[in-house]
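S.K.: Have a look at this prediction, sequence included:
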Amino acid sequence: MRSITNFATTLVIGAAAIYGVLSTYWFLSTLSGPGFALGFASVAGSLTKFALQAAISVAVIYLVWKFLSEDRKEPVVKNLLIGTPYLWLLALFLVPFVIVLKISLSDTALAIPPYTPTLDLAAGWKGITDFFSELDFENFVWLTEDDLYWKAYLSSLKIALTSTILTLLVGFPIAYGMARAPTEWRATLLMLVILPFWTSFLIRVYSWMGILSQEGYLNQLLMSLGLISEPLIILNTNVAVYIGIVYTYLPFMILPIYSALEKLDGSLLEAAEDLGCSRLSAFWLVTAPLSKQGVIAGSFLVFIPTLGEFVIPSLLGGSKTLMIGKVLWEEFFSNRDWPVASAVAVVLLLILVIPIILFQRNEQKQREIDG
Amino acid sequence: MRRFSWFNATSLTLGFAFLYLPMVILVIYSFNASKLVTVWAGFSTKWYGELLQNDAFLDAAWVTVKVAVMSSTLATVLGTIAAIVMIRAGRFYGRTLFSGMIYAPLVMPEVITGLSLLLLFIGIGLDRGVLTIVLAHTTFSMCYVSVVVSSRLVSFDQSLEEAALDLGCSPFQAFRLVTLPIIAPAVISGWLLAFTLSLDDLVIASFTAGPSATTLPMKIWSSVRLGVSPEINALSTLMIAVVTLGVISASIISKRGAVKQQREEQAAERAEAE
């Protein structure tokens, strides 16, 4: 009973606060919109309206708060603290996703919005049953029938996997070098790795366009050195996509491996060498197993976002580069086929669930080891 | 003192060359006089001049800064509250769903986040523009903020808060006087992270922006798709310069803060010993 009254009080205060925020927004949007052109009278009108609404909202909050006994205040504050981010994420993360799911089950239509059915609450219960009876899995069947889609999924998986391995091969020696560097150097090296991460992703991808193009800097260099006689075609191929991914995601690979290697006790390596290990076998027997968690974490951090990547394949890849993020974008913006775009999104998420769960497990294990 | 081994020095040099050469080339060629981007024709700053006269870019930059300031501030407030809830609220109804919704946006592909938010905005009939981009950016960056802040909250000693409460602070005072100063560095870096994420974002902004609002990455995107251009090189150089200065000064400030704190702690220990 107690918790119900606390909850009800929270709801009243929360609703009053939301009302206040919304009326502020309405007021500001009339000011920044064509409201100014309408002259003084309309601005004064909306100002009065806003003052009234704000007064109601403040008065409700104040009255409820004032008549609350001291021991009731704390649970109400707690409810408000939990409720604000909770509602925000429900409204702007979960609900949108349910909408995507619903549209993926709808049919394409030449209308606004371009799909049917739309929920008609005015028709009452019949409207709701009609709505559900019209949903079907047609779009998902379509995804399996047209080979563009499953080829795009497969090629995204292939590109993501290959570039994760490449990033590991490039990133491990750098992380290793950083962890073995003199202590006073490490902070600087770490900052040098993080710095590109703060720089615009788009610009970092763009910087490769000038290097890899046919008359680009790389071809100029190689030709002036006499290594090649004809320019290499790299831009607009999968090779360029691999380079772009390795380049932009490298910090995500280096940082977890570095933090695993940095913790590694140097005396373990000395012990291994004293016991007759060669340097190489000491690496395989001591360093590699102890950096495993970092390698796994880094690989997932590269693999997961690469799978849905859009910018890199569109800028560096060619017309033959198939990646699912690009397909979704084109389905939505070029073909205006919202139901198929939504179905593509749902399947992509289903594919991502597996690596995400594995990643979470790895993190959990890491936390347990760290204590 | 350990020194660089031959192997490590080589791998670090090659690695950092790979990380930085593309950007160095971009910066150098932004001062190229030629319209042909790949042919060097002498030093010139004319592309910077043209950039400053390009109203479309300036408008887009202004929209981007507005969106970034609003969304990162909102995200910092919401994300900090979410972190406190996650670490301190104990059990409450729907906790699993809540933590799921905090972590899921971090791994969600941008195209899906963008698509789903756009469908929501169309569904509820919200006009697309600056407001919808702010809502979208706040939603994903508040999750980053909450991860950063909660890692700080986990590591700090809760008995400090309890002591404040025992000494007669109200919970709000305890938060303001004890908790907030301790988590402040994490809150600030959360804000910076949210700000950069918003400045950087192309995909989600393209989905959620209407025809009335274009952000800088969207503007860069539409001209970059046609190929390399000297104006974009100049713009990129300016952006790289701002970020580099920001990161370096932030790290110097935080280093000074750490040194100062260390000194104060040592002084306190000495005073205690006497």
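M.R.: Sure, I can see it.

S.K.: Count the residues that sit near the residue of the stretch 251-371 of chain A found nearest chain B.
M.R.: Going by CB to the nearest CB, chain B is nearest to A:Gly308 of the stretch 251-371 of chain A, at 2.6 Å. In this view, the C-beta of every residue, glycine as well, is placed from N, C-alpha and C. Using other CB atoms under 10 Å in any protein chain shown, A:Gly308 has 26 neighbouring residues.

S.K.: cool, B:Ile81 as well?
M.R.: 22.

S.K.: Ok, B:Ala164 next?
M.R.: The burial count for B:Ala164: 19, using other CB under 10 Å.

S.K.: does it sit in a helix, a strand or a coil?
M.R.: Using DSSP: H, G, I helix; E, B strand; the rest coil, the structure places B:Ala164 in helix.

S.K.: list the contacts for it?
M.R.: By CB atoms under 8 Å, 6 or more residues apart in numbering or on different chains, the contact set of B:Ala164 is B:Gln173, B:Ala174, B:Leu177, B:Val178.

S.K.: before we move on, back to that, pop out the phi and psi values for the residue of the stretch 251-371 of chain A closest to chain B.
M.R.: Dihedral pair for A:Gly308: phi -100, psi 20, per degrees, to the nearest 10.

S.K.: Give me the nearest residue to it, chain neighbours excluded.
M.R.: Leaving out its chain neighbours, the residue that sits closest to A:Gly308 by CB to CB, 6 or more residues apart in numbering or on different chains is B:Pro109, at 2.6 Å.

S.K.: And the closest residue to chain A within the stretch 51-200 of chain B, how far from B:Leu117?
M.R.: Nearest residue of the stretch 51-200 of chain B to chain A: B:Pro109, at 2.6 Å (CB to the nearest CB). Here the distance between B:Pro109 and B:Leu117 works out to 13 Å (CB to CB, to the nearest Å).

S.K.: Tell me which of those two has more neighbours.
M.R.: Higher neighbour count among B:Pro109 and B:Leu117: B:Leu117, with 27 against 23, using other CB under 10 Å.

S.K.: returning to that earlier point: filter the contacts of B:Ala164 to the buried ones?
M.R.: Taking 16 or more other CB atoms under 10 Å in any protein chain shown as the criterion, what is buried in the contacts of B:Ala164 is B:Ala174, B:Val178.

S.K.: Turn the contacts of B:Ala164 into JSON lines, columns for pLDDT, distance to A:Ile228 and secondary structure.
M.R.: Below are the contacts of B:Ala164 laid out as JSON lines (pLDDT from 0 to 100; distance: CB to CB, whole Å; DSSP: H, G, I helix; E, B strand; the rest coil):
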{"residue": "B:Gln173", "pLDDT": "86", "distance to A:Ile228": "71", "secondary structure": "helix"}
{"residue": "B:Ala174", "pLDDT": "86", "distance to A:Ile228": "69", "secondary structure": "helix"}
{"residue": "B:Leu177", "pLDDT": "89", "distance to A:Ile228": "67", "secondary structure": "helix"}
{"residue": "B:Val178", "pLDDT": "87", "distance to A:Ile228": "65", "secondary structure": "helix"}
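
S.K.: Make JSON lines out of the contacts of B:Ala164 and add distance to chain A.
M.R.: Formatted as JSON lines, the contacts of B:Ala164 follow (distance: CB to the nearest CB, whole Å):
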{"residue": "B:Gln173", "distance to chain A": "13"}
{"residue": "B:Ala174", "distance to chain A": "12"}
{"residue": "B:Leu177", "distance to chain A": "17"}
{"residue": "B:Val178", "distance to chain A": "17"}
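
S.K.: Which two of the contacts of B:Ala164 have the greatest separation?
M.R.: B:Gln173 and B:Val178 (8.5 Å; CB to CB).

S.K.: would you say B:Ala136 is within a strand?
M.R.: No. Judged by three-state DSSP, B:Ala136 forms no part of a strand; its state is helix.

S.K.: sorry, back to before: which ones are touching the residue nearest to A:Gly308?
M.R.: Neighbours of B:Pro109 in contact, by CB under 8 Å, 6+ apart: A:Pro305, A:Leu307, A:Gly308, A:Glu309, A:Gly325, A:Leu348, A:Leu349, A:Leu352.

S.K.: quick one: which two of those residues are the most distant?
M.R.: That would be A:Glu309 and A:Leu349, which, of the contacts of B:Pro109, are the farthest apart (CB to CB) at 14.9 Å.

S.K.: higher neighbour count, those two?
M.R.: Using other CB under 10 Å as the criterion, A:Glu309 and A:Leu349 rank with A:Glu309 on top: 28 against 19.

S.K.: Who are the contact partners of the closest residue to A:Asn139 other than its chain neighbours?
M.R.: The shortest distance from A:Asn139 to any non-neighbouring residue, by CB to CB, 6+ apart, is to A:Ala343 (3.8 Å). Going by CB under 8 Å, 6+ apart, A:Ala343 touches A:Ser104, A:Asn139, A:Phe140, A:Trp142, A:Leu143.

S.K.: For A:Ala343, give me the pLDDT.
M.R.: pLDDT, A:Ala343: 92.

S.K.: show me what contacts the closest residue to B:Phe156 other than its chain neighbours?
M.R.: Residue nearest to B:Phe156 in three dimensions, not counting chain neighbours: B:Ile182, with 5.2 Å by CB to CB, 6+ apart. Contacts for B:Ile182 (CB under 8 Å, 6+ apart) come out as B:Arg152, B:Phe156, B:Leu160.

S.K.: For the first one, which non-adjacent residue is spatially closest?
M.R.: Ranked by CB to CB, 6+ apart and with sequence neighbours excluded, the top spatial neighbour of B:Arg152 is B:Ala186, at 3.6 Å.

S.K.: That neighbour is in what secondary structure piece?
M.R.: helix B:180-200 (DSSP states H and E).

S.K.: Buried residues, that helix. List them.
M.R.: For helix B:180-200, by 16+ other CB under 10 Å, it's B:183, B:186-187, B:189-200.

S.K.: Closest one of those to A:Ile234?
M.R.: Nearest member of the buried residues of helix B:180-200 to A:Ile234, counting by CB to CB, is B:Asp200, at 25.4 Å.

S.K.: Report the contact partners of that closest one.
M.R.: A:Ser200, A:Phe201, A:Leu202, B:Pro217.

S.K.: in the stretch 1-150 of chain A, which spans are strands?
M.R.: Taking DSSP state E, counting those that start in this stretch, the strands of the stretch 1-150 of chain A run over residues A:107-108, A:115-116.

S.K.: For the ones you listed, state which one has the densest average packing.
M.R.: strand A:115-116 (a mean of 18; mean count of other CB atoms under 10 Å in any protein chain shown).

S.K.: Tell me who's in contact with A:Glu184.
M.R.: Contacts of A:Glu184 (CB under 8 Å, 6+ apart): none.

S.K.: Is there a neighbour count for the nearest residue to A:Thr5 once chain neighbours are set aside? I'd like the number.
M.R.: Nearest non-adjacent residue to A:Thr5, counting by CB to CB, 6+ apart: A:Arg72, 7.9 Å away. The local packing of A:Arg72 (other CB under 10 Å) involves 15 other residues.

S.K.: Hmm, A:Arg72 is touching A:Thr9, no?
M.R.: Yes. Applying CB atoms under 8 Å as the test, A:Arg72 and A:Thr9 come out as touching, 7.1 Å apart.

S.K.: Cool, thanks, signing off.
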